[in-house]
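Sequence and predicted structure, then a few things I'm wondering about:
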Amino acid sequence: MFLLFENSTGYSLIKRNFSKERENYSLEFQSLYQFQTRWEAIRSTKKLIKGKVPKNLTKFLKNNLNSNCLLVVNDDRLKNSLKKKLGENMFKIKKKNKIFRILRKNFSKLFNFEKSNKEKSKILSLTHSVFGEKIKITGSKIDGMVIHAIRLFDEIEKSINNYSMRLREWYGWHFPELTDLISDNILFAKTVSLIETKNRTPFIDLSEFFSPELSDQIKEASQSSIGLEIFPDDLACILSLSGQIIAFFEFRVLLEKYIKNRMYSLAPNLSAIVGEKIGARLIAHCGSLLNLSKYPASTFQILGAEKALFKALKNKNLTPKYGLIYHASLVVQSSNSLKGKLSRITSGKASLSARIDALGENKYGGSIGLKNKKKIEQRLRQLESFLNKKKENQNFLNKVYSN
(Lines give C-alpha, C1' and ligand atoms only; values in the text may rest on other atoms or scores of the structure.)
Protein backbone atom coordinates (compact mmCIF):
# COMPACT_ATOMS: atom_id res chain seq x y z
CA MET A 1 0.00 0.00 0.00
CA PHE A 2 1.29 3.43 -1.01
CA LEU A 3 0.14 6.80 0.36
CA LEU A 4 0.15 9.90 -1.85
CA PHE A 5 1.07 12.91 0.25
CA GLU A 6 0.90 16.42 -1.30
CA ASN A 7 2.47 19.51 0.25
CA SER A 8 3.72 22.95 -0.82
CA THR A 9 7.11 21.64 -2.01
CA GLY A 10 5.89 18.67 -4.10
CA TYR A 11 4.53 15.10 -3.90
CA SER A 12 5.69 12.19 -1.73
CA LEU A 13 4.98 8.46 -2.01
CA ILE A 14 5.06 6.65 1.33
CA LYS A 15 4.97 2.88 1.60
CA ARG A 16 2.90 1.33 4.37
CA ASN A 17 4.29 -2.04 5.55
CA PHE A 18 2.07 -4.30 7.67
CA SER A 19 3.30 -6.78 10.24
CA LYS A 20 2.23 -10.45 10.23
CA GLU A 21 -0.59 -9.80 12.72
CA ARG A 22 -1.71 -6.76 10.58
CA GLU A 23 -2.35 -4.73 13.74
CA ASN A 24 0.90 -2.75 13.65
CA TYR A 25 2.33 -1.05 10.58
CA SER A 26 5.40 0.97 9.64
CA LEU A 27 5.80 3.86 7.19
CA GLU A 28 8.69 3.93 4.74
CA PHE A 29 9.59 6.89 2.51
CA GLN A 30 9.53 5.69 -1.10
CA SER A 31 9.99 8.63 -3.53
CA LEU A 32 9.73 12.39 -3.78
CA TYR A 33 8.90 14.91 -6.51
CA GLN A 34 9.81 18.57 -5.92
CA PHE A 35 8.30 21.50 -7.82
CA GLN A 36 10.90 23.12 -10.06
CA THR A 37 9.42 26.64 -10.13
CA ARG A 38 6.98 28.74 -8.13
CA TRP A 39 4.53 28.86 -11.05
CA GLU A 40 4.51 25.06 -11.30
CA ALA A 41 3.72 24.85 -7.59
CA ILE A 42 0.84 27.36 -7.94
CA ARG A 43 -0.66 25.62 -11.01
CA SER A 44 -0.42 22.15 -9.44
CA THR A 45 -1.86 23.28 -6.09
CA LYS A 46 -4.80 25.02 -7.80
CA LYS A 47 -5.61 21.85 -9.75
CA LEU A 48 -5.35 19.66 -6.62
CA ILE A 49 -7.69 22.01 -4.70
CA LYS A 50 -10.28 21.60 -7.50
CA GLY A 51 -9.81 17.80 -7.43
CA LYS A 52 -8.03 17.64 -10.80
CA VAL A 53 -4.82 15.72 -11.62
CA PRO A 54 -1.78 17.77 -12.75
CA LYS A 55 0.46 16.41 -15.51
CA ASN A 56 3.52 16.21 -13.24
CA LEU A 57 1.55 14.01 -10.79
CA THR A 58 0.53 11.49 -13.49
CA LYS A 59 4.16 11.20 -14.68
CA PHE A 60 5.36 10.83 -11.08
CA LEU A 61 2.89 8.02 -10.34
CA LYS A 62 3.58 6.14 -13.60
CA ASN A 63 7.34 6.25 -13.01
CA ASN A 64 7.26 5.13 -9.37
CA LEU A 65 4.36 2.65 -9.09
CA ASN A 66 3.64 -0.77 -10.55
CA SER A 67 0.31 -1.63 -12.17
CA ASN A 68 -0.92 -3.86 -9.29
CA CYS A 69 -0.20 -1.38 -6.47
CA LEU A 70 -2.78 -0.05 -4.03
CA LEU A 71 -2.72 3.77 -3.90
CA VAL A 72 -4.37 5.70 -1.06
CA VAL A 73 -5.28 9.40 -1.49
CA ASN A 74 -6.78 11.97 0.86
CA ASP A 75 -9.43 13.59 -1.39
CA ASP A 76 -12.57 11.98 -2.86
CA ARG A 77 -12.56 14.18 -5.97
CA LEU A 78 -8.87 13.44 -6.59
CA LYS A 79 -9.61 9.71 -6.29
CA ASN A 80 -12.33 9.90 -8.98
CA SER A 81 -10.21 12.03 -11.34
CA LEU A 82 -7.20 9.65 -10.90
CA LYS A 83 -9.42 6.71 -11.86
CA LYS A 84 -10.54 8.57 -15.00
CA LYS A 85 -7.02 9.69 -15.91
CA LEU A 86 -5.02 6.52 -15.18
CA GLY A 87 -7.70 3.86 -15.53
CA GLU A 88 -9.13 1.64 -12.81
CA ASN A 89 -7.04 -1.37 -13.91
CA MET A 90 -3.72 0.45 -13.51
CA PHE A 91 -3.94 1.22 -9.76
CA LYS A 92 -6.42 0.29 -7.10
CA ILE A 93 -7.17 3.72 -5.61
CA LYS A 94 -8.74 4.17 -2.16
CA LYS A 95 -9.46 7.10 0.15
CA LYS A 96 -8.54 7.08 3.85
CA ASN A 97 -8.49 10.14 6.11
CA LYS A 98 -7.17 8.80 9.43
CA ILE A 99 -3.73 7.85 8.13
CA PHE A 100 -3.25 11.27 6.51
CA ARG A 101 -4.12 13.10 9.72
CA ILE A 102 -1.33 11.21 11.53
CA LEU A 103 1.01 11.72 8.58
CA ARG A 104 0.46 15.48 8.39
CA LYS A 105 1.09 15.90 12.10
CA ASN A 106 4.23 13.75 12.29
CA PHE A 107 5.71 13.98 8.76
CA SER A 108 8.89 15.82 9.78
CA LYS A 109 9.43 13.53 12.83
CA LEU A 110 8.87 10.28 10.93
CA PHE A 111 11.19 11.04 8.01
CA ASN A 112 13.60 13.53 9.64
CA PHE A 113 12.55 16.44 7.42
CA GLU A 114 13.18 19.74 9.20
CA LYS A 115 11.58 22.81 7.65
CA SER A 116 14.22 25.39 6.84
CA ASN A 117 13.50 29.11 6.54
CA LYS A 118 13.58 28.74 2.74
CA GLU A 119 10.86 26.09 2.81
CA LYS A 120 8.76 28.15 5.23
CA SER A 121 8.97 31.15 2.91
CA LYS A 122 7.98 28.88 -0.02
CA ILE A 123 4.89 27.71 1.88
CA LEU A 124 3.95 31.30 2.76
CA SER A 125 4.35 32.62 -0.80
CA LEU A 126 2.37 29.69 -2.22
CA THR A 127 -0.55 30.16 0.18
CA HIS A 128 -0.60 33.91 -0.50
CA SER A 129 -0.60 33.49 -4.27
CA VAL A 130 -3.20 30.65 -4.32
CA PHE A 131 -5.72 32.05 -1.84
CA GLY A 132 -5.01 35.75 -2.58
CA GLU A 133 -6.89 35.40 -5.87
CA LYS A 134 -9.98 34.08 -4.09
CA ILE A 135 -10.19 37.20 -1.92
CA LYS A 136 -11.80 39.71 -4.24
CA ILE A 137 -10.75 43.31 -3.61
CA THR A 138 -14.04 45.19 -3.55
CA GLY A 139 -14.92 48.79 -2.74
CA SER A 140 -16.43 47.75 0.61
CA LYS A 141 -13.14 48.46 2.42
CA ILE A 142 -12.97 51.97 0.96
CA ASP A 143 -16.68 52.31 1.77
CA GLY A 144 -15.87 51.49 5.38
CA MET A 145 -13.17 54.17 5.48
CA VAL A 146 -15.58 56.78 4.09
CA ILE A 147 -18.33 55.71 6.52
CA HIS A 148 -16.00 56.03 9.54
CA ALA A 149 -14.66 59.37 8.28
CA ILE A 150 -18.09 61.00 7.77
CA ARG A 151 -19.38 59.73 11.13
CA LEU A 152 -16.28 61.10 12.83
CA PHE A 153 -16.72 64.39 10.94
CA ASP A 154 -20.32 64.74 12.25
CA GLU A 155 -19.22 63.89 15.80
CA ILE A 156 -16.41 66.47 15.67
CA GLU A 157 -18.86 69.14 14.43
CA LYS A 158 -21.16 68.37 17.38
CA SER A 159 -18.22 68.46 19.79
CA ILE A 160 -17.05 71.84 18.43
CA ASN A 161 -20.55 73.30 18.88
CA ASN A 162 -20.92 71.90 22.42
CA TYR A 163 -17.45 73.01 23.51
CA SER A 164 -17.95 76.48 21.97
CA MET A 165 -21.23 76.91 23.84
CA ARG A 166 -19.46 76.02 27.13
CA LEU A 167 -16.58 78.38 26.32
CA ARG A 168 -18.93 81.28 25.59
CA GLU A 169 -20.81 80.74 28.87
CA TRP A 170 -17.65 80.27 30.90
CA TYR A 171 -15.70 83.19 29.44
CA GLY A 172 -18.87 85.33 29.49
CA TRP A 173 -18.49 85.77 33.24
CA HIS A 174 -15.22 87.61 32.64
CA PHE A 175 -15.85 89.34 29.28
CA PRO A 176 -19.59 89.11 28.36
CA GLU A 177 -19.43 91.73 25.55
CA LEU A 178 -17.11 89.53 23.44
CA THR A 179 -19.81 86.87 22.87
CA ASP A 180 -22.07 89.47 21.18
CA LEU A 181 -19.29 90.93 19.03
CA ILE A 182 -17.94 87.58 17.67
CA SER A 183 -20.50 85.15 16.26
CA ASP A 184 -18.06 82.60 14.73
CA ASN A 185 -17.09 79.86 17.22
CA ILE A 186 -13.58 79.26 15.91
CA LEU A 187 -12.73 82.97 15.81
CA PHE A 188 -14.05 83.28 19.36
CA ALA A 189 -11.81 80.42 20.56
CA LYS A 190 -8.77 81.90 18.77
CA THR A 191 -9.47 85.37 20.23
CA VAL A 192 -9.78 83.96 23.78
CA SER A 193 -6.48 82.06 23.47
CA LEU A 194 -4.82 85.24 22.12
CA ILE A 195 -6.09 87.91 24.55
CA GLU A 196 -6.48 85.62 27.63
CA THR A 197 -7.85 88.41 29.91
CA LYS A 198 -9.80 91.56 28.99
CA ASN A 199 -7.12 93.75 30.60
CA ARG A 200 -4.59 92.66 27.93
CA THR A 201 -6.97 93.32 24.98
CA PRO A 202 -6.03 97.02 24.31
CA PHE A 203 -2.34 96.08 23.90
CA ILE A 204 -2.86 93.16 21.48
CA ASP A 205 -3.05 93.43 17.69
CA LEU A 206 -6.30 91.79 16.46
CA SER A 207 -5.96 92.77 12.79
CA GLU A 208 -5.05 89.16 11.90
CA PHE A 209 -8.60 87.99 12.70
CA PHE A 210 -10.85 91.07 12.40
CA SER A 211 -11.33 94.26 10.45
CA PRO A 212 -9.97 97.52 12.02
CA GLU A 213 -13.50 98.65 12.98
CA LEU A 214 -14.38 95.42 14.78
CA SER A 215 -11.00 95.22 16.54
CA ASP A 216 -11.53 98.80 17.83
CA GLN A 217 -14.99 97.84 19.11
CA ILE A 218 -13.54 94.84 21.00
CA LYS A 219 -10.84 97.03 22.58
CA GLU A 220 -13.40 99.66 23.63
CA ALA A 221 -15.70 96.97 25.05
CA SER A 222 -12.83 95.47 27.10
CA GLN A 223 -12.21 98.84 28.81
CA SER A 224 -15.84 99.34 29.81
CA SER A 225 -16.69 95.67 30.45
CA ILE A 226 -18.95 94.74 33.37
CA GLY A 227 -17.43 91.23 33.69
CA LEU A 228 -15.89 89.80 36.87
CA GLU A 229 -12.20 89.31 37.50
CA ILE A 230 -10.92 85.83 36.62
CA PHE A 231 -8.74 83.56 38.75
CA PRO A 232 -5.58 81.93 37.26
CA ASP A 233 -6.89 78.33 37.63
CA ASP A 234 -10.16 79.28 35.85
CA LEU A 235 -8.20 80.98 33.07
CA ALA A 236 -5.99 77.88 32.65
CA CYS A 237 -9.08 75.68 32.13
CA ILE A 238 -10.66 78.18 29.70
CA LEU A 239 -7.45 78.41 27.64
CA SER A 240 -7.19 74.61 27.56
CA LEU A 241 -10.79 74.39 26.29
CA SER A 242 -10.18 77.01 23.60
CA GLY A 243 -7.04 75.12 22.51
CA GLN A 244 -9.12 71.93 22.26
CA ILE A 245 -11.67 73.66 20.01
CA ILE A 246 -8.92 74.99 17.70
CA ALA A 247 -7.36 71.49 17.50
CA PHE A 248 -10.77 69.96 16.65
CA PHE A 249 -11.30 72.59 13.96
CA GLU A 250 -7.90 71.85 12.35
CA PHE A 251 -8.64 68.11 12.39
CA ARG A 252 -12.08 68.76 10.86
CA VAL A 253 -10.45 70.62 7.94
CA LEU A 254 -8.05 67.70 7.41
CA LEU A 255 -10.92 65.19 7.59
CA GLU A 256 -12.97 67.21 5.09
CA LYS A 257 -10.08 67.03 2.57
CA TYR A 258 -9.75 63.28 3.20
CA ILE A 259 -13.50 62.69 2.58
CA LYS A 260 -13.34 64.77 -0.61
CA ASN A 261 -10.39 62.77 -2.00
CA ARG A 262 -11.89 59.42 -0.97
CA MET A 263 -15.30 60.22 -2.44
CA TYR A 264 -13.78 61.28 -5.77
CA SER A 265 -11.94 57.95 -5.97
CA LEU A 266 -14.92 55.86 -4.77
CA ALA A 267 -18.01 57.64 -6.19
CA PRO A 268 -17.03 60.60 -8.42
CA ASN A 269 -20.37 60.74 -10.31
CA LEU A 270 -22.44 60.74 -7.11
CA SER A 271 -20.15 63.39 -5.55
CA ALA A 272 -20.55 65.62 -8.62
CA ILE A 273 -24.35 65.74 -8.16
CA VAL A 274 -24.96 65.82 -4.40
CA GLY A 275 -21.52 66.78 -3.05
CA GLU A 276 -18.90 64.76 -1.17
CA LYS A 277 -20.34 65.02 2.34
CA ILE A 278 -23.96 64.25 1.36
CA GLY A 279 -22.74 61.36 -0.81
CA ALA A 280 -20.70 60.00 2.11
CA ARG A 281 -23.70 60.34 4.45
CA LEU A 282 -25.90 58.44 1.99
CA ILE A 283 -23.30 55.63 1.76
CA ALA A 284 -23.01 55.55 5.58
CA HIS A 285 -26.81 55.40 5.90
CA CYS A 286 -27.04 52.39 3.54
CA GLY A 287 -23.89 50.61 4.75
CA SER A 288 -22.06 50.55 1.41
CA LEU A 289 -22.10 52.04 -2.09
CA LEU A 290 -23.38 48.74 -3.50
CA ASN A 291 -26.40 48.79 -1.15
CA LEU A 292 -27.07 52.42 -2.12
CA SER A 293 -26.97 51.57 -5.84
CA LYS A 294 -29.70 48.93 -5.35
CA TYR A 295 -32.27 51.48 -4.18
CA PRO A 296 -34.70 53.03 -6.70
CA ALA A 297 -34.93 56.82 -7.07
CA SER A 298 -38.10 57.00 -4.92
CA THR A 299 -36.32 55.36 -1.95
CA PHE A 300 -33.15 57.36 -2.63
CA GLN A 301 -35.19 60.56 -2.24
CA ILE A 302 -36.38 59.82 1.32
CA LEU A 303 -33.24 58.15 2.73
CA GLY A 304 -32.74 59.60 6.21
CA ALA A 305 -36.44 60.44 6.71
CA GLU A 306 -37.68 56.92 7.49
CA LYS A 307 -39.14 57.86 10.89
CA ALA A 308 -41.14 60.73 9.38
CA LEU A 309 -42.32 58.44 6.55
CA PHE A 310 -43.61 55.68 8.83
CA LYS A 311 -45.17 58.21 11.17
CA ALA A 312 -46.98 59.83 8.21
CA LEU A 313 -48.18 56.44 6.94
CA LYS A 314 -49.39 55.49 10.41
CA ASN A 315 -51.30 58.76 10.94
CA LYS A 316 -52.40 58.92 7.25
CA ASN A 317 -50.71 62.28 6.74
CA LEU A 318 -48.61 63.60 3.83
CA THR A 319 -45.35 61.69 3.38
CA PRO A 320 -41.98 63.55 3.43
CA LYS A 321 -40.59 64.79 0.08
CA TYR A 322 -36.88 64.54 0.97
CA GLY A 323 -34.39 63.11 3.43
CA LEU A 324 -30.61 63.56 3.41
CA ILE A 325 -30.77 64.83 -0.19
CA TYR A 326 -32.43 68.03 1.11
CA HIS A 327 -28.94 69.32 2.08
CA ALA A 328 -27.56 68.88 -1.47
CA SER A 329 -26.43 72.21 -2.98
CA LEU A 330 -28.88 71.91 -5.93
CA VAL A 331 -31.89 71.48 -3.61
CA VAL A 332 -30.71 74.20 -1.20
CA GLN A 333 -30.41 76.75 -4.07
CA SER A 334 -34.02 76.27 -5.18
CA SER A 335 -37.02 78.12 -3.74
CA ASN A 336 -39.28 76.43 -1.15
CA SER A 337 -42.06 75.68 -3.66
CA LEU A 338 -39.61 73.84 -5.97
CA LYS A 339 -37.65 71.87 -3.36
CA GLY A 340 -39.91 68.79 -3.65
CA LYS A 341 -39.70 68.67 -7.46
CA LEU A 342 -35.97 69.28 -7.50
CA SER A 343 -35.27 66.64 -4.84
CA ARG A 344 -37.16 64.11 -7.02
CA ILE A 345 -35.13 65.06 -10.12
CA THR A 346 -31.84 65.05 -8.16
CA SER A 347 -32.55 61.65 -6.55
CA GLY A 348 -33.28 60.14 -9.98
CA LYS A 349 -29.97 61.33 -11.45
CA ALA A 350 -28.04 60.53 -8.24
CA SER A 351 -29.34 56.93 -8.15
CA LEU A 352 -28.16 56.40 -11.75
CA SER A 353 -24.75 57.89 -10.88
CA ALA A 354 -24.46 55.63 -7.80
CA ARG A 355 -25.08 52.57 -10.03
CA ILE A 356 -22.36 53.66 -12.45
CA ASP A 357 -19.92 54.16 -9.55
CA ALA A 358 -20.77 50.85 -7.85
CA LEU A 359 -21.30 48.49 -10.79
CA GLY A 360 -19.63 50.15 -13.79
CA GLU A 361 -16.21 49.00 -14.96
CA ASN A 362 -15.27 52.61 -15.75
CA LYS A 363 -16.37 55.61 -13.65
CA TYR A 364 -15.44 58.10 -16.42
CA GLY A 365 -13.82 60.45 -13.87
CA GLY A 366 -17.20 61.82 -12.74
CA SER A 367 -18.04 63.22 -16.21
CA ILE A 368 -21.49 61.52 -16.22
CA GLY A 369 -22.30 63.09 -12.87
CA LEU A 370 -21.28 66.54 -14.13
CA LYS A 371 -23.48 66.13 -17.25
CA ASN A 372 -26.43 65.12 -15.06
CA LYS A 373 -25.79 68.10 -12.77
CA LYS A 374 -25.94 70.47 -15.78
CA LYS A 375 -29.26 68.91 -16.81
CA ILE A 376 -30.66 69.42 -13.28
CA GLU A 377 -29.48 73.07 -13.26
CA GLN A 378 -31.11 73.61 -16.66
CA ARG A 379 -34.36 72.09 -15.39
CA LEU A 380 -34.18 74.31 -12.28
CA ARG A 381 -33.90 77.43 -14.45
CA GLN A 382 -36.93 76.29 -16.50
CA LEU A 383 -39.00 75.69 -13.37
CA GLU A 384 -38.01 79.05 -11.88
CA SER A 385 -38.89 80.93 -15.10
CA PHE A 386 -42.22 79.09 -15.24
CA LEU A 387 -42.90 80.00 -11.58
CA ASN A 388 -42.02 83.66 -12.19
CA LYS A 389 -44.38 83.82 -15.21
CA LYS A 390 -47.12 82.22 -13.13
CA LYS A 391 -46.66 84.84 -10.41
CA GLU A 392 -46.71 87.67 -12.98
CA ASN A 393 -49.93 86.30 -14.51
CA GLN A 394 -51.49 85.96 -11.08
CA ASN A 395 -50.56 89.55 -10.18
CA PHE A 396 -51.96 90.79 -13.49
CA LEU A 397 -55.26 88.94 -12.93
CA ASN A 398 -55.50 90.32 -9.39
CA LYS A 399 -55.05 93.86 -10.72
CA VAL A 400 -57.69 93.31 -13.43
CA TYR A 401 -60.28 91.93 -11.00
CA SER A 402 -59.53 94.61 -8.38
CA ASN A 403 -60.22 97.33 -10.99
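Ah, there it is.

any idea of the pLDDT on residue 16?
What the model reports as pLDDT for residue 16 is 77.

where's it, which helix or strand?
strand 10-18 (DSSP states H and E).

Packing partners of the following helix or strand past that strand?
Once strand 10-18 ends, the next helix or strand along the chain (criterion: DSSP H and E) is strand 25-34. Contacts defined by 3 or more C-beta pairs under 8 Å, 6 or more residues apart in numbering; DSSP states H and E place strand 25-34 against strand 10-18, helix 55-64, helix 98-111. Glycine gets a C-beta too; all of them are placed from N, C-alpha and C.

mind running it again at 7 Å?
The contact analysis (3 or more C-beta pairs under 7 Å, 6 or more residues apart in numbering; DSSP states H and E) places strand 25-34 against strand 10-18, helix 55-64.

and residue 161, how many neighbours does it have?
12 (other C-beta atoms under 10 Å).

Correction: the previous question concerned residue 363.
Count around residue 363 with other C-beta under 10 Å applied: 20.

how far is the strand holding residue 16 from where the chain is centred?
With C-alpha atoms, centre = their mean, to the nearest Å as the basis, strand 10-18 stands 50 Å off its chain's centre.

same thing with stretch 212-221?
That offset, for stretch 212-221, works out to 48 Å (C-alpha atoms, centre = their mean).

buried stuff in that stretch?
Buried residues in stretch 212-221, counted by 16 or more other C-beta atoms under 10 Å: 215, 218-219, 221.

same deal with stretch 291-308?
Quick answer for stretch 291-308 (16+ other C-beta under 10 Å): 292-293, 295, 299-305.

one step back: so which elements touch the strand holding residue 16?
strand 2-6, strand 25-34, helix 55-64.

Pull the residues that contact stretch 147-161.
Applying C-beta atoms under 7 Å, 6 or more residues apart in numbering, the set of residues contacting stretch 147-161 from outside is 185, 245, 248-249, 251-252, 255-256, 258-259, 262, 277, 280-281, 283-284.

what about 10 Å?
For stretch 147-161, the external contacting residues (C-beta atoms under 10 Å, 6 or more residues apart in numbering) are 140, 185-186, 189, 244-246, 248-249, 251-252, 255-256, 258-259, 262-263, 276-289.

Then stretch 369-384?
By C-beta under 10 Å, 6+ apart, stretch 369-384 touches 267-274, 279, 328-331, 333-335, 337-338, 341-342, 345-346, 348-350, 352-354, 356-357, 363-364, 366.

try 8 Å
For stretch 369-384, contacts defined as C-beta atoms under 8 Å, 6 or more residues apart in numbering pick out 268-273, 330, 333-335, 338, 341-342, 345-346, 349, 352-353.
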